[in-house]
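Undergrad: need a structure here:
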Amino acid sequence: MKFLPLVLLLFWSNIFSQKPLAFVMDERARAATIDEILEDRIDNLLPKLMRKNDIQMWVIISREYNEDPILKTMLPSTWLSARRRTILVFFDPGEGEEIEKIAIARYDVGKLLQGSWDIDVYPDQWDALMEIIEERQPRNIGINTSGDFGLADGLVYSEYELFMDYLPEKFKTKVISSEPLAIAWLETRSKRELALYPMICNMGHNLLQRGLSEAAIHPGITSTDDVVWYLRQSVREAGFDTWFHPTVSIQRADPENFDHLRTFSKRPNKQIIQAGDLLHVDFGITYLRLNTDQQQHFYVLKPGETEVPKYLQEAFKKGNRLQDILTENFKLGKTGNEILKASLAQAKREGIQATIYTHPIGVHGHAAGPTIGMWDQQQGVPGRGDYPLYYDTAYSIELNAASEIPEWNKIIRIMLEEDGYFDENGFHYFDGRQKEILTIPRLN
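TA: Predicted coordinates for the structure are as follows:
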């Protein structure tokens, strides 16, 4: 029998010795919760959004395994993909009337969308769709096309061509982009989702902080890659999914620069973690169709140390202050680019070397809504950055504050990311935020 390396023994023993997280539902309960949320959104949220954005008929067309991103958010828990060609139609008869929810499909799509394609009457699925349109005479027809937002651009070209070929001439001038409705559907969080999100973010924090602790890290032995895979395994063992591969990086007293390129695309795959290192993790989970995106910092204590060095503590405070500056600039109707410009200007006045790259979060990780900077576009983001801020929307507050550290003879970056939501009372973090660098090992 071959013996496993020490690092692997530490890795696996710690994974399986952890206690399970609280409130993790079994598959049946998850499905029921997902369907309840979806039914609430379609019954109560969608009519408001259609009227707000003045779209009377919304047609969503998708084929199996090539799903429109929006269609996937409307499928019930037991549908993991579209079936053959699935066409959904939402029609608003007018204020005070319930919207019609129709599936031009051979099957009912969950409880809400009844299949209305009678193949004996309309052997061609497109003919069935055209009959629905003829009967209702909509003043406009929204389809999922968008130049700026990929998530709202889910109608593939071949399906668009077929739709327009079948559509009677009198309706062709009524076809419009559903972009404002599509983005609103994706970005607006219901009360039920907002009630669940703090729990999901707390679960993400717990897994993240467990992975960046003495439970998973032995200085001089454990590599950054070991921690990354510990996190991936922890997500699987806890019963969640993840929407991106986590990263763990090191800043330390060495001659290597830690610039944007190294942060985002040139990070070493494997470094051995040593005492005195400042660790950074970027991590997210997916649960109940909602996503988290979190970044935190950890310091590996040297022998005899009992706290994080003061110069790192001061650098971290700048990161927290930059978070405050950004979220204080969240105002209804301001665009992502306006928020970015105001926040960077204020940070500069306060002596903070800032970079902001905040994005919406929800049913997608990098979700629909206003983009507030990108790490390589600090002058603004055309299109997506021109979209305004609305209430009941969620964001990953992602940014970094650079500080010169004379003790290390270099500049370091405090890179933070925490999830929260914006409503009439301002911005709120779902599960708080990191307010100090945590130590490895923990001191209390």
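
Undergrad: would you map the helices across the stretch 251-400 of the chain?
TA: 260-264, 310-328, 336-349 (DSSP state H, counting those that start in this stretch).

Undergrad: any idea how far residue 397 is from residue 373?
TA: 11 Å (Cβ to Cβ, to the nearest Å). Using the backbone N, CA and C atoms, a C-beta is placed for each residue, glycine as well.

Undergrad: kindly report the same for residue 328.
TA: 11 Å.

Undergrad: of these two, who's got more company?
TA: Between residue 328 and residue 397, counted using other Cβ atoms under 10 Å, the more crowded position is residue 397 (25 against 14).

Undergrad: buried ones in the longest helix belonging to the chain, by neighbour count?
TA: Criterion DSSP state H: the longest helix present in the chain is helix 191-211. Buried residues in helix 191-211, counted by 16 or more other Cβ atoms under 10 Å: 193, 196-211.

Undergrad: so where's the stretch 101-250 of the chain shaky on pLDDT?
TA: For the stretch 101-250 of the chain, applying pLDDT under 70 flags the ranges 106-123.

Undergrad: quick one, strands of it?
TA: Taking DSSP state E, counting those that start in this stretch as the test, the strands found in the stretch 101-250 of the chain are 114-115, 141-143, 175-177, 247-251.

Undergrad: okay, the ones you listed, which one's buried deepest?
TA: Of all those, strand 141-143 has the most neighbours on average by mean count of other Cβ atoms under 10 Å, namely a mean of 23.

Undergrad: determine the set of other helices and strands touching that strand.
TA: Strand 141-143 sits against strand 57-63, strand 175-177, with contacts defined as 3 or more Cβ pairs under 8 Å, 6 or more residues apart in numbering; DSSP states H and E.

Undergrad: got the ones you listed as a markdown table, with distance to residue 273 columns?
TA: Shown next, in a markdown table, are these (distance: least, Cβ to Cβ, whole Å):
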| stretch | distance to residue 273 |
| --- | --- |
| strand 57-63 | 45 |
| strand 175-177 | 49 |
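
Undergrad: before we move on, back to that, ok, which of the helices of the stretch 251-400 of the chain comes nearest residue 102?
TA: Closest to residue 102 of the helices of the stretch 251-400 of the chain is helix 336-349 (Cβ to Cβ; 34.8 Å).

Undergrad: as TSV, the strands of the stretch 101-250 of the chain with distance to residue 339 would be great.
TA: Putting the strands of the stretch 101-250 of the chain into TSV (distance: least, Cβ to Cβ, whole Å) gives the following:
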stretch	distance to residue 339
strand 114-115	42
strand 141-143	28
strand 175-177	25
strand 247-251	26
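
Undergrad: stretch 33-49: which residues count as buried?
TA: So for stretch 33-49, counting by 16+ other Cβ under 10 Å, buried means 33-35, 37-38, 41-42, 45-47, 49.

Undergrad: go on, stretch 371-386?
TA: Across stretch 371-386, burial judged by 16+ other Cβ under 10 Å covers 371-375, 378, 380-381, 384-385.

Undergrad: among those, which lie within strands?
TA: Nothing among those maps onto strands, per DSSP state E.

Undergrad: and the residue lying closest to residue 251 once chain neighbours are set aside, how many neighbours?
TA: Nearest non-adjacent residue to residue 251, counting by Cβ to Cβ, 6 or more residues apart in numbering: residue 278, 4.5 Å away. By the measure other Cβ under 10 Å, the count of residues near residue 278 is 25.

Undergrad: residue 23 should be in a strand, yeah?
TA: No. Read with DSSP: H, G, I helix; E, B strand; the rest coil, residue 23 is coil and lies in no strand.

Undergrad: any idea how the chain splits into domains?
TA: Domain ranges of the chain: 56-177, 196-440, per automatic domain parsing.

Undergrad: so can I have TSV of those domains showing distance to residue 28?
TA: Shown next, in TSV, are the domains of the chain (distance: least, Cβ to Cβ, whole Å):
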stretch	distance to residue 28
domain 56-177	9
domain 196-440	13
